[in-house]
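> my questions concern the predicted model and sequence given below.
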Amino acid sequence: MRISILATSDVHGYIQAADELSGHITPTGLSRVSTFVKNRRANGDSIVLVDNGDFLEGSALATFLYMNQHRWTDHPLSAAMNALQYDAAVPGNHEFNYGLPYLERSVQQMAFPYIAANIVNQQTLAPLWQPYTIIERSGVKIGIIGLITDYIPRWEHAANVSGLAFLDPIQTAHQWVAELRPQVDILLLSYHGGTERDLATGLPTEYQTGENVAYRLASEVKGIDGVIAGHQHKALAGYVGEVPVLQPGTRGSHVGELSFTVEKDEKHHWKLVDRQVDLISMEDIPEDGELIQQLSPWLEESTEWLDSPIASYLDRSIPELLHTIQQTVTGEAVSAISLFETTASGGPVTMKQLMRNYTFPCTFAVLRLTGQELKESLQKAFLYFQLTEVGRLTPFRKESAASESDMWKGLTYSIVNGEVSRMEMNGRSVREEGMVTFVCNHYKTIGEGIRIFPKHAVTNEIMIYVPDLVAGLAVNGQMTLPVQTHQYKTIH
């Protein structure tokens, strides 16, 4: 007998294949996943469907549903999961962005277990939700233990996780595997966290901070038959020793599959004889029209909301809006931004314009650099601009990426003949041997290009997406901001 565990992760509320900002068709969307799952069930396959977290937050639709929660009784995204007939789901770190009451309300409407063994009451240490679930298929018992990265308190607003403790996922896995293993025929960990090492070589793929420990789970926790991971938005599948491990991408780009072949032994107990791991792209899978129709009223309204004004000034206020967002969420006085979208014409600033200026994942990083490192970074950033024949600065040097440009608030500097000659932060001189702290889009520490800030300089990451923050800042649907004109002066 063959049993397949199908897994999604980091869907982030993306239902349709059409991109929310451009309208272009993408190879993603839960509607594609829905068709794939329906086809597998129609073929008579014995499947278990699991979501590995970060489902309820991220897309414009998800943000719009949060802002309009007074208008619905059953969460439309929970209803979408019910429509796909998920068998279990694990919370992701972004599930807490809207606060615990909102999450609890969403979970109550799910027609399947919500599992997390290492999220517990701070006082009693009792799990907030059930730690695991046991699912039966043709007499075969499949146990799934839910886990999540314990880094959440470092990112999340304290009020959103008040009264909760996030236990070490490895220690927690050891505890619950010991209890559950005798009860089941197949045992899996569904962990909303990433892989910290290459699955094949075991070599580190990132700084070993403890944020991601899927490799350690697969290699150290004995008695498990597979690990579902996520959080990093990677699409990968492989083995750590004999333990299959997968990450199914993001936004429904892939479905991960753990396949197990079992047969009865001489004592008529189920015995695992083979295990396989696979990653299936949804690119060629058509969308499920029934699922889109189910959510169509909310999809249409969220599209209209993207085009509605959120700031009541001309587009030159966009930089000030971006600075205000970054300073508000981090409390830092100095802010650096990049303008990825510079084609906006005069008129009100819309959410769509704002989101175009933040590349995914749209979280925020606080950086600490030496004055010398900042100086070198500024000189590279200046290469993004070029002088016209009449001596004016113009953006977008052809060989440069938009993330290589900078607009600063709280920092002034002079460049003479391509060299930084003076730097001041809020009126105070910056020395090369001194230290400076500022906030920027986290993308600027992980992207490609000649002028990305070094990842080692990141002292804190705020895991809040821009649309969510704007929703919190907005008053009566609009944000009122001072207009600030940014001027550049060239010295020959």
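That came through fine.
> quick one: low-confidence residue ranges for this structure.
In the predicted model, the chain carries pLDDT under 70 at residues 310-318, 339-348, 357-362, 382-405, 443-452, 465-492.
> can you pull the domain assignment for it?
2-301, 309-473 (automatic domain parsing).
> surely Leu100 and Asn160 touch.
Yes: at 6.3 Å, Leu100 and Asn160 qualify as touching, with contact defined as C-beta atoms under 8 Å. Every residue, glycine included, has its C-beta placed from N, CA and C.
> quick one, which of the two is more surrounded?
Neighbour tally, Leu100 and Asn160, criterion other C-beta atoms under 10 Å: the higher count belongs to Asn160, 20 against 16.
> wait, a strand at the more buried one?
No: according to DSSP: H, G, I helix; E, B strand; the rest coil, Asn160 belongs to no strand; its state is helix.
> packing partners for the longest helix seen in the chain?
Ranked by residue count under DSSP state H, the longest helix found in the chain is helix 289-306. With contacts defined as 3 or more C-beta pairs under 8 Å, 6 or more residues apart in numbering; DSSP states H and E, the secondary structure elements packing on helix 289-306 are helix 30-42, helix 60-67, helix 76-84, helix 351-356.
> who's in contact with the third one?
For helix 76-84, the external contacting residues (C-beta atoms under 8 Å, 6 or more residues apart in numbering) are 13, 15, 30, 33-34, 37, 49, 51, 55-56, 61-62, 65, 89, 106-107, 109-112, 290-291, 294-295, 298.
> same question, the second one
Residues outside helix 60-67 that contact it (C-beta under 8 Å, 6+ apart) are 12-15, 20, 56-57, 72, 75-77, 98, 102, 295, 298-299, 301-303, 305-306, 351, 355, 465, 467-468, 471.
> out of those residues, which are buried?
Burial of those was assessed by neighbour count (16 or more other C-beta atoms under 10 Å); the buried members are 12-15, 20, 56-57, 75-77, 98, 102, 295, 298-299, 302-303, 305-306, 351, 355, 465, 467-468, 471.
> which one is Ala111 nearest to, not counting chain neighbours?
Nearest residue to Ala111, sequence neighbours excluded (C-beta to C-beta, 6 or more residues apart in numbering): Asn82, at 4.6 Å.
> for stretch 76-84, the distance to its chain's centre please.
How far stretch 76-84 lies from its chain's middle: 20 Å, per C-alpha atoms, centre = their mean, to the nearest Å.
> buried residues of it, list them for me.
Burial within stretch 76-84, assessed by neighbour count using 16+ other C-beta under 10 Å, is assigned to Pro76, Leu77, Ser78, Ala79, Ala80, Met81, Ala83, Leu84.
> kindly report the same for stretch 210-217.
Using 16+ other C-beta under 10 Å, the residues of stretch 210-217 that count as buried are Glu211, Asn212, Val213, Ala214, Tyr215, Arg216, Leu217.
> now Gly143. Its backbone dihedrals?
Taking degrees, to the nearest 10, you get phi -100, psi 140 for the backbone angles of Gly143.
> any idea how far Glu320 is from Pro297?
Here Pro297 is placed at a distance of 35 Å from Glu320 (C-beta to C-beta, to the nearest Å).
> name the residue in the two with the higher neighbour count.
More neighbours sit around Glu320 than around the other of Pro297 and Glu320, counting by other C-beta under 10 Å; the figures are 21 against 10.
> and Ala88, how far from Val48?
Where Val48 is concerned, Ala88 sits at a distance of 8 Å (C-beta to C-beta).
> which one's more surrounded, those two?
Neighbours per residue (other C-beta under 10 Å) separate Ala88 from Val48, with Ala88 holding more: 26 against 21.
> contacts only, for that one.
Contacts of Ala88 were listed using C-beta under 8 Å, 6+ apart, and they are Val48, Val50, Asp51, Phe112, Pro113, Tyr114, Ile115, Thr133, Ile135, Ile144, Gly146, Ser190.
> swap the cut-off to 7 Å and go again
Shown here is Ala88, whose contacts under the criterion C-beta atoms under 7 Å, 6 or more residues apart in numbering are Val50, Phe112, Pro113, Ile115, Thr133, Ile144.
> host element of the residue lying closest to the fourth one once chain neighbours are set aside?
Counting by C-beta to C-beta, 6+ apart, the nearest residue to Ile115 once its immediate chain neighbours are dropped is Gly146, at 3.2 Å. In this assignment (DSSP states H and E), Gly146 forms part of strand 140-148.
> now for that strand, which elements pack on it?
Packing partners of strand 140-148 (3 or more C-beta pairs under 7 Å, 6 or more residues apart in numbering; DSSP states H and E): strand 132-137, helix 169-180, strand 186-192.
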